[in-house]
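Trainee: test case, fold it:
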Amino acid sequence: MAKAAKKSKKKVKLQGSVSRLKTLILTDTSEKARTIKKLISRQYVVMSSEGFLRDLPKTQLGIDPDNHFEPRYITVRGKGKLLEQIRKETITARRIYAITDEDPQGEMIALHYCQLFGINSSSNFRIVLNEITKDSIKEGLKNARAVDMKLIRTYEAQRAVNRLFTYNLHPILWNKIYRGVSVNLSQAVILRMICEQEKKPQPFSEEVTVDKENVLNWKSLQLAAAKELNFHVGTTSIIARQFYEGMKIGNTCTGLITWYKSSKIIPADVQYSPETVKDYLPANHFKLYSLIWQHFHGELSEIKSSKSVEPMIRYNDYLLMTTLEQRGLPWEDNFSTAVCSLLKRRYIELTNTGYKPTKLGLEVMSVLRDHFATIISDKFIKKIHEQLSSAEDKMSAVEVFWKQFNNTLTKALDKIGDVTPKEPPVLESNEVCDKCGKKMVIRYSRYGQFLACSGYPECKNTKPYLEYIDNEGCRCPKCGGRLTRRRWNKGKIFYSCENYPECRFSTWDEPQSKFCDICGGALFLHRFKDRAPMLYCGNDDCSSRRDHPINKILENQRIKREVKANRASKKVEATH
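Mentor: Numbering: from 1, shown residues only. So this is what the prediction gives:
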């Protein structure tokens, strides 16, 4: 009897330890993880992979055309420690679920979780949330499904086409321009349109219309935000994602809209009207949420441009999107990323009259037009998109693309011959070396540009290169000088006044292309690690800054700087 009692006690203890095991939920973004944590019980552990844990290599093609375009994935650099932390949690987890975006990329991330952590991809571990609310999460846990391999094949086919185009262009672009120049297929199409308009500037029609959607979807939301709110497409994309992944409203955190790339975008909870959430949302967030709410209640008029005295002669976001739509070209899923990349690479710039190609952008387009005009034509892009959408075997569509592109590529390489890459140009600046009096030149390092003496190696003097913010109207809130972009240790970017050290204004927060509606001052974007970014006016005396949460954050930063400066000065005094 005593032995039996001991066995019984052991059994009870074992059951108790099993019951304490938690369920692990893996997400693809920290914002999504933050919201889910606040909406579910403590029996769940929520961790974010911060995007992909595995991906195609950055410096290699990573696609094998001779083996049915088989991709080769590697662990993303810098994710090793995070991967081990997640793996440790998976070992002790009672169950594991994945909540990633409801698109091919989200499906691919979920599949990588399976491959990395030994999860059966056919098991019901994949959760798709049309909205991130308490009820939807409960429902999602009941209706988990297997990984959708059809979406996986779609994603891999799309990546294969872009990789084959981008990486095989490098030898030609690096020979004709210089090493580091790169462009993908989506970017090439938009760059071509902007360059063509610049070459033969024809005023756009005074009235541009697109078919009105019966429901609000990702396509019509981007169009409406560009037309009605004059939002840059990147702004719309960032805010829409934040609405889906969750915003802090009072004492709660919840998603405000359904999945923003779905066929119907509606408020996730009708109790949150625009007026209800106004005090908790930045100005641009409130404008976009109001637009979504108005459309939900049938208050939005047809998306239609008004007649203007001076018609546009350059593309803006709205005109680019409507032109792509009229030509039957796919754009809604990658337009934002493509335009932002073209701006970042400085192939185009945004002026008061629309997008204008830079000298570098024109050079890139010249190479593409000379050798790959057919590949970046509307007709061919439309053909490939249709095949990728309709073909059961997605890689057969990739084969069609590769066959024509490879023939064109071979002809281009034969015509050019030697494709030895050129190094980035060394540009002479207006700065004079304060050590030897020779001109300073602009050189490149892994952290960006810097000024070096042209007398190197005899003179090894270097200085920071003042990289001015593209928008000349974006001025220092303290003295009115131009703002510059600089790099701190390990390449971290910060912004400061050109008049340093006379003016000591500096900030980690990125200056925006928009200006304060109240005082006209520069707007800055403060980013958090665990919540949505915050937009604020840089003018301390602006009424919009009254009781603004950024005030406390900036004050804490100021105090930390003073403490650090005092410590440094004490160390200097101690050495003397």
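
Trainee: immediately after the host helix or strand of Asp370, which helix or strand?
Mentor: Per DSSP states H and E: Asp370 is located in helix 359-371. Going down the chain from helix 359-371, the next helix or strand is helix 378-390, by DSSP H and E.

Trainee: in that following helix, what's buried?
Mentor: The neighbour-count check on helix 378-390 (16 or more other CB atoms under 10 Å) flags Phe380, Ile381, Ile384, His385, Gln387, Leu388 as buried. (Each C-beta comes from the backbone N, C-alpha and C, glycine too.)

Trainee: check the offset of the helix or strand following it from the chain's centre.
Mentor: If you walk from helix 378-390 toward the C-terminus, the next helix or strand you reach (DSSP H and E) is helix 394-416. When C-alpha coordinates are averaged (CA atoms, centre = their mean, to the nearest Å), helix 394-416 and its chain have centres 29 Å apart.

Trainee: for helix 394-416, list the C-alpha coordinates in PDB.
Mentor: The C-alpha coordinates for helix 394-416 follow below in PDB (Å, rounded to 0.1, in the frame of the first residue of the first chain):
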ATOM      1  CA  LYS A 394       4.500  28.600 -60.300                       C
ATOM      2  CA  MET A 395       8.100  27.700 -61.400                       C
ATOM      3  CA  SER A 396       6.900  27.200 -64.900                       C
ATOM      4  CA  ALA A 397       6.200  30.900 -65.000                       C
ATOM      5  CA  VAL A 398       9.700  31.500 -63.600                       C
ATOM      6  CA  GLU A 399      11.100  29.400 -66.400                       C
ATOM      7  CA  VAL A 400       9.300  31.500 -69.000                       C
ATOM      8  CA  PHE A 401      10.800  34.700 -67.500                       C
ATOM      9  CA  TRP A 402      14.300  33.200 -67.200                       C
ATOM     10  CA  LYS A 403      14.400  31.900 -70.800                       C
ATOM     11  CA  GLN A 404      13.700  35.400 -72.200                       C
ATOM     12  CA  PHE A 405      15.700  37.300 -69.700                       C
ATOM     13  CA  ASN A 406      18.700  35.000 -70.000                       C
ATOM     14  CA  ASN A 407      18.800  35.300 -73.800                       C
ATOM     15  CA  THR A 408      18.700  39.100 -73.400                       C
ATOM     16  CA  LEU A 409      21.300  39.000 -70.700                       C
ATOM     17  CA  THR A 410      23.700  36.800 -72.800                       C
ATOM     18  CA  LYS A 411      23.400  39.300 -75.700                       C
ATOM     19  CA  ALA A 412      24.100  42.200 -73.400                       C
ATOM     20  CA  LEU A 413      27.200  40.500 -71.900                       C
ATOM     21  CA  ASP A 414      28.500  39.600 -75.400                       C
ATOM     22  CA  LYS A 415      28.000  43.100 -76.600                       C
ATOM     23  CA  ILE A 416      29.800  44.700 -73.600                       C
END
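
Trainee: which of the buried residues of helix 378-390 lies closest to Ser237?
Mentor: Set against Ser237, the nearest of the buried residues of helix 378-390 by CB to CB is His385 (20.4 Å).

Trainee: grab the nearest non-local neighbour of the closest one.
Mentor: Leaving aside its sequence neighbours, His385 sits nearest to Pro330 (CB to CB, 6 or more residues apart in numbering; 4.8 Å).

Trainee: and for Glu332?
Mentor: Leaving aside its sequence neighbours, Glu332 sits nearest to Lys219 (CB to CB, 6+ apart; 4.2 Å).

Trainee: before we move on, back to that, make JSON lines out of the buried residues of helix 378-390 and add pLDDT and distance to Trp508.
Mentor: Converted to JSON lines, the buried residues of helix 378-390 look like this (pLDDT from 0 to 100; distance: CB to CB, whole Å):
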{"residue": "Phe380", "pLDDT": "96", "distance to Trp508": "44"}
{"residue": "Ile381", "pLDDT": "95", "distance to Trp508": "39"}
{"residue": "Ile384", "pLDDT": "94", "distance to Trp508": "42"}
{"residue": "His385", "pLDDT": "93", "distance to Trp508": "40"}
{"residue": "Gln387", "pLDDT": "92", "distance to Trp508": "46"}
{"residue": "Leu388", "pLDDT": "92", "distance to Trp508": "41"}
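
Trainee: fine by me, we can end here.
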